[in-house]
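[1] Okay, here's the prediction I keep looking at, along with the sequence it came from:
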Amino acid sequence: MAIIILPDAQAQLLALQEYMLNNWSEDVWLKAEDEIFEKLEKLDIGQFNGSVVQELASVGILDYRNVYTSHHKLVYRSLEDDTYVYLIAGHRQDYPSLLSACLLTR
């Protein structure tokens, strides 16, 4: 089992890190980062299962799921034993636009 954070999601994570470090303290970022990776670990070992992405479910696509942390929303898909992370967005970001852009590049 592996967690694979795809390049776009990696870039989003780094942008969120920069934003949080510029606007809050390093402690706030470290707590948010820990939450993200703890949630991903729980997904990967099967302790937690996110919900279907409603925007996609409405058109019959049911294999993408999302999970939330206190500051972020993650979109992932499990294939065989691996978890692929497609999107990491802050709660204040334009999620529908980010989701559309993310999935158009797939």
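    Sure, I can see it.
[2] which residues of the chain fall in helices?
    For the chain, the helices defined by DSSP state H occupy 7-23, 26-44, 54-57, 95-104.
[3] would you list those helices in CSV and tack on mean pLDDT?
    Converted to CSV, those look like this (pLDDT from 0 to 100):
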stretch, mean pLDDT
helix 7-23, 93
helix 26-44, 93
helix 54-57, 89
helix 95-104, 78
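[4] closest to Asp82 out of these?
    helix 26-44 (8.1 Å; CB to CB). All C-beta spots, glycine's among them, are computed from the backbone N, C-alpha and C.
[5] For the residue lying farthest from the centre of the chain, grab phi and psi.
    Within the chain, Ser25 marks the point farthest from the mean C-alpha position, 21.7 Å out by CA atoms, centre = their mean. Reported as degrees, to the nearest 10, the phi and psi values for Ser25 are phi -90, psi 170.
[6] Could you measure from the residue sitting nearest the centre point of the chain over to Ile4?
    What sits nearest the mean C-alpha location of the chain, by CA atoms, centre = their mean, is Leu74, with 1.9 Å. Distance of Leu74 to Ile4, computed by CB to CB, to the nearest Å: 13 Å.
[7] Next: Asp63.
    Taking CB to CB, one finds Asp63 at 15 Å from Ile4.
[8] what's the answer for Ile45, then?
    Ile45 is 15 Å from Ile4, by CB to CB.
[9] next one: Gly90
    Taken as CB to CB, the span from Gly90 to Ile4 is 21 Å.
[10] Next: Val53.
    Val53 is 18 Å from Ile4, by CB to CB.
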